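Visitor: Here is my input; please provide its structure:
(one chain, ligands or ions: 1)
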Amino acid sequence: MLTLNDISLDFPTKKQVIDHLSLALDGGQIVGLVAPNGTGKTTLLRVILNELQPKEGSVTIDGLQYTSQANARRIHRKLCSFPVQDDLFNDLSGLAHLRYYCDSWGADRAKLPALIEELQMINYVKNPVHTYSLGMRQRLCFAMVVASDAPIMLLDELMNGLDPVNVELVSKVLLRLKGQGKLLLMVSHLLPNLEAYADQVLFMQDGRFALTVLPKDARPQFLRVATGVLDGANEAKLRMLGATEIGGALFIDSARVAEVAPLLKKADGSLLPFAIGPQSLVDHYHVVYGEA
Ligand SMILES: Nc1ncnc2c1ncn2[C@@H]1O[C@H](COP(=O)(O)OP(=O)(O)OP(=O)(O)O)[C@@H](O)[C@H]1O
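Guide: Numbers count the residues shown, from 1 in each chain. Model prediction:
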């Protein structure tokens, strides 16, 4: 559905923002794009949208490339990106914005009432946008993308400014869209939220994907002990047993619990605090990008 073929892009002030990057994504999935600020996530989405042209490589969407105006128009019917709040028209209502997106992508206006209800916008959708709070605007921007009904949705920092209830509301809609076969490419810094529903999470570094994590995969369970709570000798033994340090904690395969447990005993025989679980996206983030 969406293929990036060996793409590279430089800015005059920053080289290799994207460096020979390739990717192939099918519909029916939620894909997270994660990296620290200024890495190139938005730049990559702008390449997909043809707002920036790579110096090498190409984008293919359903077999089409940006080789002519006619192709660009066809591709743009298949793609919808999350509008920035500055793109909203303050004097128009939310409903007018939704109708505009529906019509621009040739979607069915009859689906709008259900969407407005689903995103709990009934009470304000007919009011002008200048009366909306930050979170209400953000929900409207999301509803506009959903209203487009495009098969590929590019969602840059969609969850910004949403309270926990609205994060949950929006997440449910994302899962519904995924069930309809849409490809949802999400730039997000909200890792626990991505962890809950993304099918794969791509960690970007130095213009490439340094790591791909499949959050729902059966992952090995690790025993996690905070560093600094063990006495120095036992911490060294734990490292000898193969523990790795990630984000201020030592991780060791939980299959080694019999060897590890004696090292966790305090002088009174009680155990130091530890937890067992898979590595989280936050742990992976620290592995790829290091500590703050
Ligand atoms: N139009 C531009 N001209 C020059 N440099 C740019 C341009 N757009 C982005 N950059 C630079 O490219 C790098 C990547 O920017 P980008 O906005 O893609 O990062 P990001 O990963 O989306 O960051 P954030 O999480 O802060 O949104 C940054 O160093 C930025 O300064």
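Visitor: buried set for stretch 55-72?
Guide: 57, 59, 61, 66 (16 or more other Cβ atoms under 10 Å). (Glycine included, C-beta is placed from N, CA and C.)
Visitor: Look up how far residue 79 lies from the nearest residue to the last one once chain neighbours are set aside.
Guide: Setting aside the residues directly before and after it, residue 66 is nearest to residue 50 in space (Cβ to Cβ, 6 or more residues apart in numbering), at 4.7 Å. Noted for residue 50: a distance of 9 Å to residue 79, by Cβ to Cβ, to the nearest Å.
Visitor: Pick out whichever of the two has more residues nearby.
Guide: Neighbour tally, residue 50 and residue 79, criterion other Cβ atoms under 10 Å: the higher count belongs to residue 79, 22 against 17.
Visitor: hang on, the earlier thing: tell me the contacts of the residue nearest to residue 66?
Guide: 59, 66, 72, 75 (Cβ atoms under 8 Å, 6 or more residues apart in numbering).
Visitor: ok, residue 240 - how many residues close by?
Guide: 8.
Visitor: Residue 202 in helix, strand or coil?
Guide: Three-state assignment for residue 202 (DSSP: H, G, I helix; E, B strand; the rest coil): strand.
Visitor: May I have the beta-bridge partners of it?
Guide: residue 33, residue 212 (DSSP bridges).
Visitor: Next, please give the residue ranges for the strands of this structure.
Guide: 2-11, 14-25, 29-34, 56-61, 64-65, 79-81, 152-156, 183-187, 200-205, 208-213, 222-226, 244-246, 249-253, 275-277 (DSSP state E).
Visitor: could the ones you listed be laid out in a markdown table, adding distance to the ligand?
Guide: Listed next are the strands of the chain as a markdown table, based on distance: least, Cβ to the nearest ligand atom, whole Å:
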| stretch | distance to the ligand |
| --- | --- |
| strand 2-11 | 4 |
| strand 14-25 | 5 |
| strand 29-34 | 9 |
| strand 56-61 | 16 |
| strand 64-65 | 22 |
| strand 79-81 | 13 |
| strand 152-156 | 7 |
| strand 183-187 | 7 |
| strand 200-205 | 7 |
| strand 208-213 | 13 |
| strand 222-226 | 28 |
| strand 244-246 | 22 |
| strand 249-253 | 25 |
| strand 275-277 | 27 |
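Visitor: Point out the residues in the stretch 1-150 of the chain that sit beside the ligand.
Guide: Residues of the stretch 1-150 of the chain lying near the ligand by Cβ under 6 Å from any ligand atom: 11, 13, 14, 17, 35, 37, 38, 39, 40, 41, 42, 43.
Visitor: Which residue, neighbours along the chain excluded, lies closest to the fifth one?
Guide: Going back to what we said before, that points to residue 35. That would be residue 204: by Cβ to Cβ, 6+ apart, it lies 3.9 Å from residue 35.
Visitor: Please apply the same query to the fourth one.
Guide: Beyond its immediate neighbours in the sequence, the residue positioned closest to residue 17 (Cβ to Cβ, 6+ apart) is residue 40, lying 4.3 Å away.
Visitor: and the one you found, what does it touch?
Guide: 9, 17, 18, 204, 207.
Visitor: Redo those as a markdown table? Include neighbour count, distance to residue 104 and pLDDT.
Guide: What follows is the contacts of residue 40, written out as a markdown table (neighbours: other Cβ atoms under 10 Å; distance: Cβ to Cβ, whole Å; pLDDT from 0 to 100):
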| residue | neighbour count | distance to residue 104 | pLDDT |
| --- | --- | --- | --- |
| 9 | 23 | 27 | 97 |
| 17 | 22 | 29 | 95 |
| 18 | 24 | 28 | 96 |
| 204 | 23 | 30 | 94 |
| 207 | 22 | 32 | 94 |
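Visitor: show me the contacts for residue 150.
Guide: Applying Cβ under 8 Å, 6+ apart, the residues contacting residue 150 are 77, 78, 79, 80, 105, 182.
Visitor: No more questions from me, cheers.
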